[in-house]
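>>> please find the sequence and the predicted model below.
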Amino acid sequence: MSKPTVFVTRLIPEKGLDMLREQCAVTVWEDELPPPRDALLREIAGADGLLCLLTDPVDAGVIDAAPKLRVISQMAVGFDNIDIPAATGRGIPVGHTPGVLTGTTADFAFALLMAAARRISEAERFARAGRWKTWGPTLFMGQDVHGATLGIVGMGRIGQAMARRARGFDMRILYTDPSEPDAARDVGAVRVALDDLLAESDFVSLHVPLTADTERLIDRRALARMKPTAILVNTARGPVVDQAALYDALVSGQIAYAALDVTDPEPIAPDDPLLSLDNCLVVPHIASSSVATRTRMAVMAAENLIAGLNGDRLPHCANPQVYA
């Protein structure tokens, strides 16, 4: 019996690929950039399975172009790039990798918070440029993290992990999340309205999924509610923040600093005005990028794909209604 055919839209950690190659005929898109739409349509046309990433728009047109497709497996927690209703309508289960990156992403979000508070990126560039002449009593004065107020927008797994880290710095923790009313019981956080969180927090960290309700959640009005000394950290999704409004807020001193792991669009354009600002730290969507976490994500994605090809229920399914 011939092996099922699988298209993988990018090189993933080898352990996941090895699992697929044992049971499938695997084609991997090896370019650094995602496959363009025409290539994706071509490669998926005869595929039984697809392993994709957040950067791949798997819409109804892509799904319809693959008449043999039996399973879609995403190597990510989120899946807003996939047309879930279209996949469900075709009876195709969609896998994802929840839970695996919680600790790693919270580590990185707190690292961004610390780096922004203590102006580490600015100071590093200053030293590399040969501008460090002597110790100065006002050189790169930043903000204390210990004892400060952290506002967490979205108290899911990652938000709660962020709160646990903040407790180690004796931070006061506020949060807003309509779906998590009892989070305070576990992490010592106080639930407040978003407007109150923005007004009272020294640091605002975003941990919400991208939905119609959260798109541009941090807009001009929200930024105007924040303290002029406040720091915004975004490891959620780029479109949660209105970037034009953020630029204006940073330039005018409406807020002090921003640290972004995600942007809108991604990648951020080299001439984006945010990149010209010393008080904006931007990194290329690497919050989950540890060896252990990315390897585990690849393994989970492979497990989902193999289960779907074998006719088994996916261990981590984004559209369980497909089994109804």
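Okay, I see it. From a predicted model like this one, the values you see are computed outputs, not experimental measurements. Numbers count the residues shown, from 1 in each chain.
>>> just the pLDDT at the residue nearest the centre of the chain, thanks.
Centroid-nearest residue in the chain: residue 236, 4.5 Å away (criterion: CA atoms, centre = their mean). With respect to pLDDT, residue 236 has a value of 97.
>>> mind listing what's buried along the longest helix along the chain?
When the chain is parsed with DSSP state H, its longest helix is helix 291-309. Within helix 291-309, the residues that count as buried by 16 or more other CB atoms under 10 Å are 293-309. C-beta here means a position set from N, CA and C on the backbone, and glycine is covered the same way.
>>> show me how far stretch 82-89 is from its chain's centre.
22 Å (CA atoms, centre = their mean, to the nearest Å).
>>> got the buried residues for that stretch?
Buried residues in stretch 82-89, counted by 16+ other CB under 10 Å: 82-84, 86-88.
>>> buried residues, stretch 87-105. List them.
Neighbour counts over stretch 87-105 (16+ other CB under 10 Å) mark 87-88, 90, 92-97, 100-105 as buried.
>>> please apply the same query to stretch 76-83.
Neighbour-count burial for stretch 76-83 flags 76-79, 81-83 (criterion: 16+ other CB under 10 Å).
>>> and residue 78, how far from residue 54?
6 Å (CB to CB, to the nearest Å).
>>> is it true that residue 241 touches residue 208?
No - Residue 241 lies out of contact with residue 208 (CB atoms under 8 Å); the separation is 10.8 Å.
>>> which neighbours do those two share?
residue 217 (CB atoms under 8 Å, 6 or more residues apart in numbering).
>>> for the closest residue to residue 305 other than its chain neighbours, pull up the helix or strand it's in.
Nearest residue to residue 305 in three dimensions, chain neighbours excluded: residue 73, at 3.9 Å (CB to CB, 6 or more residues apart in numbering). Element membership for residue 73, per DSSP states H and E: strand 71-74.
>>> which helices and strands sit right next to that strand?
When contacts are defined as 3 or more CB pairs under 8 Å, 6 or more residues apart in numbering; DSSP states H and E, strand 71-74 sits against strand 49-52, strand 94-95, helix 291-309.
>>> quick check: phi and psi on residue 205?
phi -120, psi 130 (degrees, to the nearest 10).
>>> who does the residue nearest to it when sequence neighbours are not counted form a beta bridge with?
For residue 205, ignoring the flanking residues on the chain, the nearest one in space by CB to CB, 6+ apart is residue 233 at 4.4 Å. Judged by DSSP bridges, the bridge partners of residue 233 are residue 205, residue 259.
>>> and residue 233, what pLDDT?
99.
>>> again with residue 185
72.
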